[in-house]
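Undergrad: Attaching a predicted model along with its sequence, questions to come.
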Amino acid sequence: GDSVTQTEGPVTLSEGTSLTVNCSYETKQYPTLFWYVQYPGEGPQLLFKVPKANEKGSNRGFEATYNKEATSFHLQKASVQESDSAVYYCALGGNYNQGKLIFGQGTKLSIKP
Amino acid sequence: EAAVTQSPRSKVAVTGGKVTLSCHQTNNHDYMYWYRQDTGHGLRLIHYSYVADSTEKGDIPDGYKASRPSQENFSLILELASLSQTAVYFCASRPGLGVYAEQFFGPGTRLTVL
């Protein structure tokens, strides 16, 4: 079945440094790929989604490219801020399997000022 | 904007007791989902529903039941709560099946079983 694997956390960075959270997936379908972000005490919220292979998604300075050949969807940001501290989830899903999402295990990111 | 609410926000239950977690959405969405969140496991799907009065098993349904009495409401029921069911539970909703549709999550319920 479908699966998602992402960078083991927790990850601690200094403000202003660059971020990469790796995400790899396995599926025989043609999914939409998602990055969700979860702040303390809240539910996950969509950061952005990419429905098509070889396209890039972005939001709030974060970006990821849907790489079908490498089955990857790595999250990147050039310069992190303290407000980026959160848990990040990579997920796949789409117009099949009743719209279910398969999530990675989550990566907790902490940014030091 | 999508609005999914959950009640209670936190609950302490005793082993062997019955627990009901409630979810309400005001988005007119067809699909609703229940997930549990555990450190190191991310979010795992327990039950879901795509129409009122019908529910489906997700990936980890054992020990849980679900009820969808109306389009807006979706409950998760633990008939005999166990220690292993201590977790944070999230409800989510989604409009009909469309390639670009994402799920909208509620704020979660923290359940502690003692």
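TA: Received, thanks. Here the structure is a predicted model, which means the values were calculated and not measured. Numbers count the residues shown, from 1 in each chain, chains lettered A, B, ... in the order given.

Undergrad: Report pLDDT for B:D30.
TA: Note on B:D30: pLDDT of 93.

Undergrad: What is the neighbour count of the closest residue to it other than its chain neighbours?
TA: If the residues on either side of it in the chain are set aside, B:D30 comes closest to B:G96, at 5.0 Å by C-beta to C-beta, 6 or more residues apart in numbering or on different chains. Bear in mind the C-beta positions are built from the backbone N, C-alpha and C, glycine included. Neighbours of B:G96 under the rule other C-beta atoms under 10 Å in any protein chain shown: 11.

Undergrad: my read: B:G96 touches B:N28, true?
TA: No - using C-beta atoms under 8 Å, B:G96 is not in contact with B:N28; the gap is 10.1 Å.

Undergrad: coming back round to it: how about the residue nearest to B:D30, phi and psi?
TA: phi -60, psi 170 (degrees, to the nearest 10).

Undergrad: got the residues of chain B near chain A?
TA: Residues of chain B found near chain A (C-beta under 8 Å from any C-beta of the partner chain) are B:4, B:31, B:33, B:40-45, B:48, B:50, B:56, B:58, B:90, B:92, B:94, B:97-108.

Undergrad: Tell me where chain B has strands.
TA: Under the criterion DSSP state E, chain B contains strands at B:4-7, B:10-13, B:19-25, B:31-38, B:42-51, B:54-57, B:65-67, B:73-78, B:87-94, B:104-105, B:109-113.

Undergrad: helices and strands around the first one, which ones?
TA: Contacts of strand B:4-7 with other secondary structure elements, assessed using 3 or more C-beta pairs under 8 Å, 6 or more residues apart in numbering or on different chains; DSSP states H and E, are made with strand B:19-25, strand B:87-94.

Undergrad: Let me have the ones you listed in TSV, adding mean pLDDT, mean neighbour count and distance to A:K77 as columns.
TA: Listed next are these as TSV, based on pLDDT from 0 to 100; neighbours: other C-beta atoms under 10 Å in any protein chain shown; distance: least, C-beta to C-beta, whole Å:
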stretch	mean pLDDT	mean neighbour count	distance to A:K77
strand B:19-25	98	20	31
strand B:87-94	97	24	25
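
Undergrad: The ones you listed: which one's closest to A:T12?
TA: Proximity to A:T12 (C-beta to C-beta) singles out strand B:87-94 among the helices and strands packed on strand B:4-7, at 22.7 Å.

Undergrad: Now do that closest one: which elements does it pack against?
TA: Counting contacts by 3+ C-beta pairs under 8 Å, 6+ apart, strand B:87-94 is packed against strand B:4-7, strand B:19-25, strand B:31-38, strand B:73-78, strand B:104-105, strand B:109-113.

Undergrad: just checking, what packs against the fourth one?
TA: It stands for strand B:73-78. Right, strand B:73-78 is packed against strand B:19-25, strand B:31-38, strand B:42-51, strand B:65-67, strand B:87-94 by 3+ C-beta pairs under 8 Å, 6+ apart.

Undergrad: Could I get the buried residue list for it?
TA: Of the residues in strand B:73-78, B:F74, B:S75, B:L76, B:L78 count as buried by neighbour count, 16 or more other C-beta atoms under 10 Å in any protein chain shown.
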